[in-house]
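heads up, no residue letters with this:
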Ligand code: SF4
């Protein structure tokens, strides 16, 4: 008789999902499945709507990284218009994207993951959250809140609204940057740079302490994918796709995102609503790859800014190249926060950012538009196919968390095998299984809390997958 | 003073309404002096408790599990708040209604897929034929529209409710924006 452990809902991730662990007779984990339990249907319900609604509509798929969806959606629309947008418009979109990386990474690190590092994975679940963090280390909690606030405020000063601003549009942006808004963002930069440096100094030694987590949190060979510029530097807005293998060899270089369909295909499994993109040349499921902060650091030559490059050197000397454990996403996020602040300093100090020509106009000229961007969690692709009037006939979206689906499932199995043994279940073990998911910071934005289920819900299945017995335990 | 028990629940939404709640920034620390978050995606408690004073609901009702969940939440909550347009009107998730579940699934899992096209159905909730707002299923005590509602509005509404007053947010909301 086999046994199934269900963790439902997974908490402190953005959105909800559940995990089932399938044990064999001797209590060893045989299978681990990550179930995304909500389905939304954006690829269908955009049909029949005009192309210019797409950036704002598709951004409603995610309230945490809407800016990346606005960017990818607007870039797809630029292609439908067949225009080259003004340089300043591109830079303004970049600035907003950096602001979003800062706020989203701050959310993931301080609000969601830090409680595990500060209190430990075996700590009392009742205090293992941001409120507990604020009570124990108010300065750290304030730093996290402030960093996120800076990112969100910057988005608001650019686009008039913190979440779902309708400012990034087909052909550019809807309004130029006002000089006094530029100043208000700029004056805060020294303070947030200090916070970013302090966060690195605080978390680097703490993250190093959890050696066995580092060993098992998604530590396996895989491909990595991300955008890079012509020099191989990190890119979040433009650039070409690069794929490196587990030894760090570049196997796909300078790939035009418009040809994504030759590089990436998608598979479906019956037990989750999230699809499984794979690297097409290697087939399914061998073509497993990872995207996101760690993947970006693994595909690039350099960041291209002094402080972030110094951190990158240290990161590589400590954890090797390519760093293979998904645990390192946490540190990679902090390095990207610093990088984004450095880039904001550069972009905002150049007066061309105040140029008032920020939008190109045209009628629909092409039937397909493919937009790509690096969201906080990794590469996202929007593909819109329109009729001659610009009405959407169909759309395809491949989002960051989707790319990581194969790797997340593999990671849960790895952690479960190391920490979960059928006859002694503890909350800390199960929290580690959830924590590996948090390392990917998945943006599911589709949630299902199974209200009424107890913290630990054990279901016994026989060989024919018939439910034989259910055991419910209180929290450990 | 006994702390007010606050829960936040996420149905079919984009998490933007939860993010707007977090956009109250450091005011959240002040709030935590009067309020205890007893259930939320932000904390690790996995069972919806009894006797919750205020529950904020983000998102519309789109699966059979959402229905079960929202009824349970209602039964255990004194003041139920529909937070944001998805909860208030159905908003974006309800855009699938005119197409129907089958056509929507067909696009996502058959048309756009190269390997193993099928309809996911194991371990998963059943999608409702029609996505509906929260008040279609249970009684809602207070509606806060917006996509998402601004952080200031959420903060004001919440602090009024915590003090036991009914907030007046007519001038503080933006509908569908
Ligand atoms: S109302 Fe808007 S912000 Fe809130 S969940 Fe729905 S789409 Fe997201």
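On my side now, so go ahead. Computed from a predicted structure; not experimentally measured.

which SSE is residue A:395 in?
According to DSSP states H and E, residue A:395 maps onto strand A:392-398.

list the residues that contact the residue of chain B found nearest chain A.
Relative to chain A, the nearest point of chain B is residue B:16 (2.3 Å; C-beta to the nearest C-beta). For glycine as for every other residue, the C-beta is placed from the backbone atoms N, C-alpha and C. Contact analysis of residue B:16 by C-beta atoms under 8 Å, 6 or more residues apart in numbering or on different chains lists A:60, A:62, A:63, A:64, A:66, A:163, A:164, B:58, B:84, B:147, B:148.

run through those and flag the ones next to the ligand.
A:60, A:63, A:164, B:58, B:84, B:147, B:148 (C-beta under 6 Å from any ligand atom).

and the furthest pair within those?
Greatest spacing in these, by C-beta to C-beta: A:164 and B:58 (13.5 Å).

between the two, which is the more surrounded one?
residue B:58 (29 against 25; other C-beta atoms under 10 Å in any protein chain shown).

for that one, what are phi and psi?
With angles defined as degrees, to the nearest 10, residue B:58 sits at phi -100, psi 140.

just the helices in the stretch 351-476 of chain A please.
A:400-403, A:405-419, A:427-440 (DSSP state H, counting those that start in this stretch).

make a markdown table out of those and add distance to residue A:51 and mean pLDDT.
Converted to a markdown table, the helices of the stretch 351-476 of chain A look like this (distance: least, C-beta to C-beta, whole Å; pLDDT from 0 to 100):
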| stretch | distance to residue A:51 | mean pLDDT |
| --- | --- | --- |
| helix A:400-403 | 23 | 86 |
| helix A:405-419 | 28 | 87 |
| helix A:427-440 | 32 | 77 |
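
of those, flag the one that's most buried.
Scoring the helices of the stretch 351-476 of chain A by mean neighbour count under mean count of other C-beta atoms under 10 Å in any protein chain shown gives helix A:400-403 as the most buried, with a mean of 26.

which residues does the nearest residue to residue B:50 once chain neighbours are set aside contact?
With sequence-adjacent residues excluded and distances taken as C-beta to C-beta, 6 or more residues apart in numbering or on different chains, residue B:50 is closest to residue B:76, at 5.4 Å. If you count contacts by C-beta under 8 Å, 6+ apart, residue B:76 has them with B:48, B:49, B:50, B:51, B:52.

show me which of those is closest to the ligand.
Within these, the smallest distance to the ligand is 19.6 Å, found for residue B:48 (C-beta to the nearest ligand atom).

using the three-state scheme, assign that closest one.
Three-state call for residue B:48 (DSSP: H, G, I helix; E, B strand; the rest coil): coil.

sketch out the low-pLDDT regions of chain A for me.
Scanning chain A for pLDDT under 70 picks out A:1-2, A:7-16, A:422-425, A:442-476.

and the ligand, is stretch A:30-48 touching that?
No. Using C-beta under 6 Å from any ligand atom, stretch A:30-48 never reaches the ligand; the gap is at least 10.1 Å.

tell me how far the residue positioned nearest the centre of chain B lies from residue A:33.
Centroid check for chain B by C-alpha atoms, centre = their mean gives residue B:58 as the closest residue, at 1.5 Å. The gap separating residue B:58 from residue A:33 is 26 Å, by C-beta to C-beta, to the nearest Å.

quick one: stretch B:47-60 to chain centroid distance?
Computed by C-alpha atoms, centre = their mean, to the nearest Å, the chain-centroid distance of stretch B:47-60 equals 9 Å.

I misspoke; the intended subject was stretch B:167-175.
Centre-to-centre, stretch B:167-175 and its host chain are 18 Å apart (C-alpha atoms, centre = their mean).
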